[in-house]
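S.K.: pasting the sequence and the predicted model now:
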Amino acid sequence: MAANPNFPSSTYAGKLFAEIMGPEVFDPAGLVDNDLATGVDKMKFKETILESDDTVVFQTPSALFNDQGTQASTGEVNLEVVPFEFHKQIELSTIQSSWLSENLAPGSMEDYSYDDIVRMYLEKVYQPKWKQGASFLALNGKTGLGSNIGSITFSQAYSGLYPLLDAASGIRKNALSGQGQLTIDGVTKGVVTTLTLAAGSAALSKLYVGNTISLRSLAGGQYTGLNVDVEILSVVSDTSIIVDFDSSSFTGTYTASSGRVRWINRYNIIQILSNHITRTLKEVRRAGGRIVVPQNVADEWQFAIADAKLGGGYAPITAETLSLVGERMTILDNAPANTIGTWTRNRVFYGYDMSDDQAYIQMLWQGQTGDMVYNLRGRNKSGVAITQKFQREIMYTTPNS
């Protein structure tokens with residue numbers, strides 16, 4: 001059903017500025033842009049990627065051929081793209097009683113059409129969010145898209161990259177539970193939520209306002225809904241923090257001490273990065289596997305270096321290179337908070353039809369049908385798969401274990 005934009009005033013407010021101001025939505029650099037996946041384009045449904053391996057046997061020299069007796073193994077990676085669409089209908093009758101009506105073309109039959117303003121809506125609002133949502137989907141699947149961007153309602157299953165990494169049993173995993181974890185003894189619900197931490201947590205020296213922390217394993221009633229990544233609003237004491245989450249409607253009773261706070265910040269990032277690097281296979285590091293981090297981890301690296309410089313009497317002015325002991329980091333937009341990954345591009349596969357599908361939206365005037373409305377329509381398809389035979393070459397630090 002068509003929805004009228006809300007034009008706020010019928011009082012003349014001056015000349016119309018040349019463009020609409022839309023929300024700030026970052027233009028995400030994705031898997032293929034960052035050379036973190038093998039792109040498979042022009043896909044309509046499914047592709048199969050073969051992976052092969054064998055060993056070599058160093059034999060005693062012989063004039064007669066002596067087959068080493070091993071059998072090359074071949075596996076398959078099945079990559080399937082999932083289609084999804086965006087439909088938006090815009091009807092502009094409310095513009096007729098606003099001061100913007102002076103911009104309508106002459107003739108009463110033109111009172112419903114205003115291509116320029118609809119095109120600005122498309123370019124400033126819908127197109128950036130269509131692209132951002134598609135990038136989020138590829139990495140995270142259908143769960144967790146910010147309500148300021150939109151929602152994902154199509155019925156077909158879609159496994160994003162990070163859920164695939166979490167589910168895979170063969171990859172090398174570095175659990176945050178042993179490196180950055182505090183126990184949640186109690187929860188006080190409210191418009192913002194207060195977490196009471198176990199004695200000895202020393203939160204004042206470990207956590208900072210603005211940190212994104214990962215809450216995991218909370219149990220009891222609706223408190224399982226608090227297993228999210230969330231921002232710290234206040235570090236009240238060594239055993240109390242306030243987070244930006246509205247739990248006021250929760251019912252049931254929290255299971256005391258079930259939940260955990262896990263995080264990566266300036267307090268522990270060098271230790272966690274060092275552990276991640278040393279556990280990454282040297283063959284992967286030599287082959288150019290990069291350290292993949294979300295924005296919050298990249299920021300905390302900068303803060304850790306700044307703290308170290310201040311401690312040594314230096315004032316940090318410029319951003320530091322994202323690297324540790326020669327290992328470079330790449331920021332992957334929409335990657336989950338408090339994760340670190342390392343892999344080579346031939347271990348992750350990203351399927352799509354055309355690369356500009358995630359940015360292209362049609363604007364169709366329906367006046368010729370008798371309906372004085374605009375239809376905006378986008379269609380995209382994508383899918384992600386990871387290696388099956390060489391999962392141990394992927395290193396993944398995660399708050400989910």
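M.R.: Okay, I see it. Numbering: from 1, shown residues only.

S.K.: longest helix anywhere in the chain?
M.R.: helix 295-311 (DSSP state H).

S.K.: what sits against residue 244?
M.R.: 192, 230, 231, 232, 233 (Cβ atoms under 8 Å, 6 or more residues apart in numbering). C-betas here are computed from N, CA, C, even on glycine.

S.K.: helix or strand for the nearest residue to the last one once chain neighbours are set aside, which one?
M.R.: What that stands for is residue 233. Of all residues not flanking residue 233 in the chain, residue 242 sits nearest, at 4.7 Å (Cβ to Cβ, 6 or more residues apart in numbering). Assigned by DSSP states H and E, residue 242 belongs to strand 240-243.

S.K.: about what we covered before: what pairs with the residue nearest to residue 233 across the strands?
M.R.: For residue 242, the beta-bridge partners are residue 194, residue 234 (DSSP bridges).

S.K.: quick one: pLDDT of the nearest residue in space to residue 243 that is not next to it in sequence?
M.R.: Among residues not flanking residue 243 along the chain, residue 230 sits closest, at 4.6 Å (Cβ to Cβ, 6+ apart). As predicted, residue 230 sits at a pLDDT of 98.

S.K.: alpha carbons only: can I get the helix or strand hosting residue 230 in PDB?
M.R.: Secondary structure from DSSP H and E places residue 230 in strand 229-237. Extracted C-alpha coordinates of strand 229-237, given in PDB (Å, rounded to 0.1, in the frame of the first residue of the first chain):
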ATOM      1  CA  ASP A 229      26.400  -7.000  21.500                       C
ATOM      2  CA  VAL A 230      25.700  -3.800  23.400                       C
ATOM      3  CA  GLU A 231      27.300  -0.400  24.300                       C
ATOM      4  CA  ILE A 232      28.500   0.400  27.800                       C
ATOM      5  CA  LEU A 233      26.900   3.700  29.000                       C
ATOM      6  CA  SER A 234      28.500   3.800  32.500                       C
ATOM      7  CA  VAL A 235      31.000   1.900  34.500                       C
ATOM      8  CA  VAL A 236      29.500   2.500  37.900                       C
ATOM      9  CA  SER A 237      31.900   0.500  40.100                       C
END
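
S.K.: show me what it is packed up against.
M.R.: helix 203-206, strand 212-216, strand 240-243 (3 or more Cβ pairs under 8 Å, 6 or more residues apart in numbering; DSSP states H and E).

S.K.: nearest to residue 399, out of these?
M.R.: strand 212-216 (3.6 Å; Cβ to Cβ).

S.K.: what is the mean pLDDT for the closest one?
M.R.: Here the average pLDDT along strand 212-216 is 97.

S.K.: low-confidence stretches in the stretch 301-401 of the chain?
M.R.: Low-confidence segments of the stretch 301-401 of the chain, defined by pLDDT under 70: 311-326.

S.K.: what about the strands in it?
M.R.: Along the stretch 301-401 of the chain, counting by DSSP state E, counting those that start in this stretch, strands occupy 323-324, 327-331, 340-343, 348-352, 362-365, 374-386, 395-398.

S.K.: for burial, what's the neighbour tally of residue 44?
M.R.: Counted by other Cβ atoms under 10 Å, the residues lying close to residue 44 total 10.

S.K.: the residue nearest to residue 243 against residue 246, yeah?
M.R.: No - the criterion here is Cβ atoms under 8 Å, and residue 230 misses it with residue 246 at 10.5 Å.

S.K.: which residue of those two possesses the greater neighbour count?
M.R.: residue 230 (20 against 11).

S.K.: stretch 149-161: which residues count as buried?
M.R.: 152, 158, 159, 160, 161 (16 or more other Cβ atoms under 10 Å).
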